[in-house]
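Enquirer: everything below, folded, please.
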Amino acid sequence: MNRDLGDYRRSYEKGELLLKDTPENPMELFQKWFYEVDNHFPEDETNAMTISTIGLDGFPRNRVVLLKKYTYEGFVFYTNYQSEKGQAIENNPNVCLSFFWHGAERQIIIKGKAEKIAKNLSDGYFESRPRGSQLGAIVSNQSAIVESRETLEDNLRKLEKEFEGKEITRPEHWGGYIVKPIEMEFWQGRANRLHDRIRYTLQENYSWTKNRLSP
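Expert: Numbering: from 1, shown residues only. Next up, the predicted model:
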């Protein structure tokens, strides 16, 4: 197999990002961009983000998860604590998040530390999930080898019968993480590969500095 992709080119011309127009807090810019993408580019799954962790084998590993909440403090997502990503975070909480919104020709890269959120917050989100998703969180031993698709579906049917007419409570192995950023970079595609890159860095007094980076 040998395919040259050197002729795959695209000119980015949908926007600009000037340092003078950016707020002092990067979360305000994140919110602005998120709303703009969500409203104007419905083909993008706006809250889909890539999370990168360092696995127990020492290799980085990326996967797409869904952002479920963001505040000035950070970014919240939910997962199985016993999954590969959960074990990786337990071993090394330093992670990287990234959003790529191709419709708007924008990217955000976030470096931060992940930590579990309070149990009552995980309980509240779990209760808001559809019943099928609640059962799925229980039946899936995420990242473990499974014999077949049929095994998963059989186990789900058994759980459906077991919990028929009953309230489903959150399993202890499932819940939320918040990633608290220490660095956020905003990338806006520009013509001739002279892209705009603004990087915010958290200081010891919890203020942010910002700088323009070369593309």
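
Enquirer: make it CA atoms for all contacts and neighbour counts henceforth
Expert: Will do.

Enquirer: I'd like the average pLDDT over the strand ranked longest in the chain.
Expert: Ranked by residue count and defined by DSSP state E, the top strand of the chain is strand 174-188. Summarised as a single mean, pLDDT over strand 174-188 is 98.

Enquirer: same check on stretch 200-215?
Expert: On average, stretch 200-215 scores 97.

Enquirer: looking at the strand or helix carrying residue 154 now, give me its mean pLDDT.
Expert: For residue 154, the host element (DSSP states H and E) is helix 149-162. Averaged over helix 149-162, pLDDT sits at 89.

Enquirer: quick one: buried residues of that helix?
Expert: Neighbour counts over helix 149-162 (16 or more other C-alpha atoms under 10 Å) mark residue 156 as buried.

Enquirer: which residues touch that helix?
Expert: 135, 136, 139, 140, 146 (C-alpha atoms under 8 Å, 6 or more residues apart in numbering).

Enquirer: what's the closest of these to residue 102?
Expert: Nearest to residue 102 among those, counting by C-alpha to C-alpha, is residue 136 at 30.6 Å.

Enquirer: any idea how far residue 103 is from the residue nearest to the closest one when sequence neighbours are not counted?
Expert: Among residues not flanking residue 136 along the chain, residue 156 sits closest, at 7.2 Å (C-alpha to C-alpha, 6 or more residues apart in numbering). Distance of residue 156 to residue 103, given as C-alpha to C-alpha, to the nearest Å: 37 Å.

Enquirer: in ChimeraX, select just the buried ones from the contacts of helix 149-162.
Expert: Selecting only the buried entries of those in ChimeraX, with 16+ other C-alpha under 10 Å as the criterion:
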select :135,136,139
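
Enquirer: got JSON lines for the contacts of helix 149-162, with secondary structure too?
Expert: Putting the contacts of helix 149-162 into JSON lines (DSSP: H, G, I helix; E, B strand; the rest coil) gives the following:
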{"residue": "135", "secondary structure": "helix"}
{"residue": "136", "secondary structure": "helix"}
{"residue": "139", "secondary structure": "helix"}
{"residue": "140", "secondary structure": "coil"}
{"residue": "146", "secondary structure": "coil"}
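
Enquirer: which residues in the protein form helices?
Expert: Remark: helices assigned in the chain by DSSP state H are 26-40, 84-91, 119-128, 131-139, 149-162.

Enquirer: okay, now residue 71: neighbour count?
Expert: Residues near residue 71, counting by other C-alpha atoms under 10 Å, number 12.

Enquirer: once you drop chain neighbours, what's closest to it?
Expert: Using C-alpha to C-alpha, 6+ apart, the closest residue to residue 71 is residue 27 (7.6 Å).

Enquirer: pretty sure that neighbour is touching residue 72, no?
Expert: Yes. Residue 27 is within contact range of residue 72, at 6.0 Å (criterion: C-alpha atoms under 8 Å).

Enquirer: could you check the angle the one helix or strand in the chain whose mean pLDDT sits lowest makes with helix 131-139?
Expert: Scoring the helices and strands of the chain by mean pLDDT, DSSP states H and E places helix 149-162 at the bottom, with a mean of 89. Put simply, helix 149-162 runs at 110 degrees to helix 131-139, going by axes from the mean of the first three to the mean of the last three C-alpha atoms, to 10 degrees.
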